[in-house]
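# sequence first, predicted coordinates after that:
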Amino acid sequence: MKVDPNLLSIQPENTIQEAMTKLNQLGKLQPDNALLVMTNEGHLTGIVNDGDIRRALLKGFTMETPVEEIATKSPIVVSEKMAEGDLKELIKINRIHNLPVIDDTGKVVYVERFDIDYQESSKQICAVIMAGGEGLRLRPLTEKLPKPMLTVGEKPILRIIIESLKNVGIRKILINIRYLGDIIQDYFKDGSDFNVQIDYIQEPHPMGTAGSLGLIPEHLKPQSPFLVINGDLLTTLNFKSFRDFHLAERFDFTLCGRPYKVKVPFGYPVIEGDIVTEFKEKPTFTHLVNSGIYCLSPELIKYVAPNEYMDMPDLIKAAIENGKRVGVFPLREKFHEIGQPESYSAAEKFYADHFRA
C-alpha cells in the first residue's frame, strides 16, 4: 500500500514529545508506524519509531530533545525504479513495515507499507489482568463490588482495560479473580459480547501480585511473551507497542516504569569522593517507578510455584538470579492508578480528558 510521506513526516527540529504524539495518533489508525525525519525539501535524514524513543529516554534524553538526535541516520530506502520482486525480497529479509521509496534526487516519493506481523498474529498474544484484590482502601465502595468493577465514565475499570487491549488487536485475555469474582464472570462471561476471548484464573486464597500465574492451566499457558496488567489502572499506553519493545530488546521480563518526581526539602551537595563539585538547593529528582504493567516470556512461569504466595518483586528477583534479562520500558503515556478514594474521584476527569472521543 502506497502512503503519502507527508502523513508520516516530521522535521529534524521537532521534539521527542511531538514525535510521540504523532506516533500515538497514527497508532489509532494502523500499527507499527515509523516517522520519516525529512527536510522541507522532502529529503530523508532519518527514521524514528517508538522503540527509538524509549531507548533514548532510558539513555537520558528528554521529551524536548530534537528527533534528529535519536533517529536512525541510515535507514533502508529503495529507488522507485526497483522491480517489485526485488522489493518484496528486501522487505522479507529485513522485516520491514514501512519502506521509503525515493527518486533520483533522493526525495521521498511515497512510503510502501506492509501490514505484516512478523512475530505472530495478535490474536495469539495473551494478556493476564490481575483482578482478585479486595480493594480495602476503597471501602465502603468495594464492600459489594470488586475494585476493577468500579465504574469510570459509566464503564467498569476492567472493561476499559479490555477495550484498550482489543483496540490494538489483543483479544486473548485471562482474568485473575478471587474477591467477588462471580460479579466479574457474570459481567464478561466468555468475552464474546466484547469481541474478545476471556478465561479465568480462580485464586483459592490471596496469592500476591504474581502467585496466580502458577495456577494457569496447561492448555491456557501463553506460548509467547505475554502481558500482565493490574486491574486498577487507566493508561493510554499502546499495549502492543510495549510488547514489541520487549521483543525488540530481547528481554525476558520487562516492567513498565513511569516517572515519579521526588523533591528534596534540603540543600543537596553533589559529591565525588569527598569533594563537593556542585550544590543544589532543594532539588527535584525524577525516578522510574513500577506502574503495574509487565511483559513476561512464558518460561518465567516456572519460577512461580502453584498455590504459593508470590509478589512481582519476588518474581523479578528470581528472574535476575537465574540470569534472565530484566529491562524497563519508560512510560510517557498518560497513566492513572486507582487505589484510594481521592484517586477514584480523579479518575472520572482522567477518563474524560484522555479516553472520550
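Nice, I can see it. Residues are numbered from 1 along each chain as shown.

# first-to-last residue distance for stretch 10-20?
Separation of the first and last residues of stretch 10-20 by C-alpha to C-alpha, to the nearest Å is 11 Å.

# and the strands in the stretch 151-300 of the chain, which stretches?
151-152, 155-156, 172-177, 197-202, 226-230, 233-235, 253-263, 267-272, 275-281, 284-296 (DSSP state E, counting those that start in this stretch).

# distance to Leu220 added to those strands, as TSV?
C-beta coordinates here come from the backbone N, C-alpha and C atoms, glycine included. Below are the strands of the stretch 151-300 of the chain laid out as TSV (distance: least, C-beta to C-beta, whole Å):
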stretch	distance to Leu220
strand 151-152	28
strand 155-156	23
strand 172-177	6
strand 197-202	6
strand 226-230	11
strand 233-235	23
strand 253-263	20
strand 267-272	50
strand 275-281	52
strand 284-296	15
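
# pLDDT weak spots in this protein?
Applying pLDDT under 70 to the chain flags residues 28-32, 84-96, 114-123, 357.

# what's the domain layout of it?
2-113, 122-354 (automatic domain parsing).

# how many neighbours does Thr286 have?
By other C-beta atoms under 10 Å, 9 other residues sit near Thr286.

# that one: what's it in contact with?
259-262 (C-beta atoms under 8 Å, 6 or more residues apart in numbering).

# wait, Lys334 touches Thr235, no?
Yes. Counting by C-beta atoms under 8 Å, Thr235 is a contact partner of Lys334 at 6.4 Å.

# quick one: which of the two has more around it?
Between Lys334 and Thr235, Thr235 has the larger neighbour count (other C-beta under 10 Å), namely 24 against 15.

# skipping its backbone neighbours, what lies nearest the more buried one in space?
Phe335 (4.6 Å; C-beta to C-beta, 6 or more residues apart in numbering).

# could you measure Pro204 against Ile170, distance?
28 Å (C-beta to C-beta, to the nearest Å).

# before we move on, the earlier item: of the contacts of Thr286 - the most surrounded one?
Neighbour max across the contacts of Thr286 (other C-beta under 10 Å) = Pro259, 14 neighbours.

# just checking, that residue touches Ser291?
No. Using C-beta under 8 Å, Pro259 is not in contact with Ser291; the gap is 10.1 Å.

# shared neighbours, these two?
With C-beta under 8 Å, 6+ apart as the test, Pro259 and Ser291 both reach Leu331.

# center of the protein, which residue is that?
Phe242 (3.0 Å; C-alpha atoms, centre = their mean).

# what sits against Glu348?
Here Glu348 is in contact with 152-153 (C-beta under 8 Å, 6+ apart).

# just how off-centre is whichever strand or helix holds it within its chain?
Element membership for Glu348, per DSSP states H and E: helix 341-354. From the chain centre to the centre of helix 341-354 is a distance of 21 Å (C-alpha atoms, centre = their mean, to the nearest Å).

# what's around the residue nearest to Thr235, how many residues?
By other C-beta under 10 Å, neighbour count at Phe335 equals 19.

# distance check, it against Ala318.
Plainly put, Phe335 is 26 Å away from Ala318 if you go by C-beta to C-beta.

# nearest spatial neighbour of the residue nearest to the centre of the chain, skipping sequence neighbours?
Using C-beta to C-beta, 6+ apart and skipping residues adjacent in sequence, the residue nearest Phe242 is Phe329, 5.7 Å away.

# what do you get for Leu8?
The spatial neighbour of Leu8 that comes closest, neighbours along the chain excluded (C-beta to C-beta, 6+ apart), is Leu36 at 5.1 Å.

# contacting residues around the one you found?
5, 8-10, 44, 47, 100, 108, 111.

# just the ones of those in strands?
In strands, judged by DSSP state E, the following of the contacts of Leu36 are found: 9-10, 44, 47, 100, 108, 111.

# closest to Val77 out of the residues you listed?
Comparing these against Val77 with C-beta to C-beta places Pro100 closest, at 4.6 Å.

# tell me the strands beside the host helix or strand of the residue nearest to Leu8, with direction?
Following DSSP H and E, one finds Leu36 within strand 34-38. According to DSSP bridges, strand 34-38 forms sheet pairs with strand 9-10 (parallel), strand 44-49 (antiparallel).

# would TSV of those with distance to Tyr268 be doable?
Putting the strands paired with strand 34-38 into TSV (distance: least, C-beta to C-beta, whole Å) gives the following:
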stretch	distance to Tyr268
strand 9-10	37
strand 44-49	35
